[in-house]
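Chemist: Sharing a model that was predicted from the sequence below.
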Amino acid sequence: MKLLVLALAMGTLLAGCSSTGSNGARVVDRNNAAPKRATVTSGQYIVKPGDTLFSIAFRYGWDYKELAARNNIPAPYTIRPGQPIRFNSASRGSTTVVSGPSSSSRTTVIRRPVGTTTQSPANSGKPATPVSSSTSQTVAQVPAAERAVGGWTWPANGVLIGKFASNGSLNKGIDIAGDLGQPVFAASGGTVVYAGSGLRGYGELIIIKHSDTYVSAYGHNRRLLVREGQQVKAGQTIAEMGSTGTDRVKLHFEIRRQGKPVDPLQFLPRR
């Protein structure tokens, strides 16, 4: 009887070991996953100091050209604090104000009668009433011809610790681990259209416009070395790697095609 029990125990142990095999259980570091970002398709956003049209478009999943056209904003896309940025056609009965970054990870939408003075929930004197907003999760499909175009370089040296996830709920880019203060490079040439910390979940962030189709983003930096409006070249040092907005030193890197996230590994050279 003792031999039988021992044999069964050994069999269970061996089965457990063999189940991991070469395809061992995948370990997912939730701290490396970027927060879920839906495309907001209703309501409007009130511009705050430090905002740019590019940062608002990035935050809410829009192509900046489409957002500019929706709001009749001509190039060079200058906006001012207090200006409403609409995500859909305004209705006559009410307006919907989408709040900016807050301590909550959920987008707050507040309905107010048309004609009233717009103010932030914190100063309204009444508690905000959250309601759901229409959103969509779209991951851009990149044509093979575009993926074949060269010019992209790795934005940092280090171990790849987070990969792009296309299921609409996890990482919208890649995460590269490194040392505090190590250089972060522009992945391609372009114009810096945002440099700051106003987008929740990204820490000190840089956004570079490469063309009318593509922008790239570099998050969690310790220090930014470029300013908005500056022209940069591929491989140029633009920041120092850090841990702002997260709990470890890493670079969060995204590429957006017409406002929608795409897998950066489709563009970066193999290494």
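Modeler: It's in.
Chemist: Pull the contacting residues for G151.
Modeler: When contacts are counted by CB atoms under 8 Å, 6 or more residues apart in numbering, G151 is found next to 188-189, 234. Where you see a C-beta, it was placed from the backbone N, CA and C, and this is true even at glycine.
Chemist: Let's have the residues you listed in JSON lines, adding distance to G201 and pLDDT.
Modeler: As requested, these are exported to JSON lines (distance: CB to CB, whole Å; pLDDT from 0 to 100):
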{"residue": "S188", "distance to G201": "23", "pLDDT": "96"}
{"residue": "G189", "distance to G201": "27", "pLDDT": "96"}
{"residue": "A234", "distance to G201": "26", "pLDDT": "96"}
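Chemist: what's the span of stretch 153-173, first residue to last?
Modeler: 15 Å (CA to CA, to the nearest Å).
Chemist: Next, the buried residues of it.
Modeler: 153-156, 158, 162, 164-165, 170-173 (16 or more other CB atoms under 10 Å).
Chemist: can I assume G196 is in contact with G50?
Modeler: Yes - G196 lies in contact with G50 (CB atoms under 8 Å); the separation is 5.7 Å.
Chemist: In the stretch 51-200 of the chain, where is pLDDT below threshold?
Modeler: Scanning the stretch 51-200 of the chain for pLDDT under 70 picks out 89-150, 167-170.
Chemist: Going by residue numbers, what spans are helices in it?
Modeler: 53-59, 64-70, 144-147 (DSSP state H, counting those that start in this stretch).
Chemist: wait, which of the ones you listed is closest to G259?
Modeler: Between G259 and the helices of the stretch 51-200 of the chain, the shortest gap by CB to CB is with helix 53-59, which sits at 6.0 Å.
Chemist: What is the closest one packed up against?
Modeler: helix 64-70, strand 190-196, strand 204-209, strand 214-224 (3 or more CB pairs under 8 Å, 6 or more residues apart in numbering; DSSP states H and E).
Chemist: Mean neighbour count and distance to L251 added to these, as a markdown table?
Modeler: Conversion of these to a markdown table gives the following (neighbours: other CB atoms under 10 Å; distance: least, CB to CB, whole Å):
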| stretch | mean neighbour count | distance to L251 |
| --- | --- | --- |
| helix 64-70 | 17 | 23 |
| strand 190-196 | 20 | 15 |
| strand 204-209 | 24 | 10 |
| strand 214-224 | 22 | 6 |
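Chemist: Tabulate those (JSON lines), appending distance to S42.
Modeler: Formatted as JSON lines, the helices and strands packed on helix 53-59 follow (distance: least, CB to CB, whole Å):
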{"stretch": "helix 64-70", "distance to S42": "12"}
{"stretch": "strand 190-196", "distance to S42": "24"}
{"stretch": "strand 204-209", "distance to S42": "24"}
{"stretch": "strand 214-224", "distance to S42": "23"}
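Chemist: These: which one's closest to S55?
Modeler: strand 190-196 (4.4 Å).
Chemist: What distance do you get for T41 to Y77?
Modeler: 20 Å (CB to CB, to the nearest Å).
Chemist: hang on, the earlier thing: output the helices of the stretch 51-200 of the chain as TSV; include the columns distance to Q182.
Modeler: Output for the helices of the stretch 51-200 of the chain, formatted as TSV (distance: least, CB to CB, whole Å):
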stretch	distance to Q182
helix 53-59	24
helix 64-70	30
helix 144-147	28
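Chemist: Cheers, nothing more for now.
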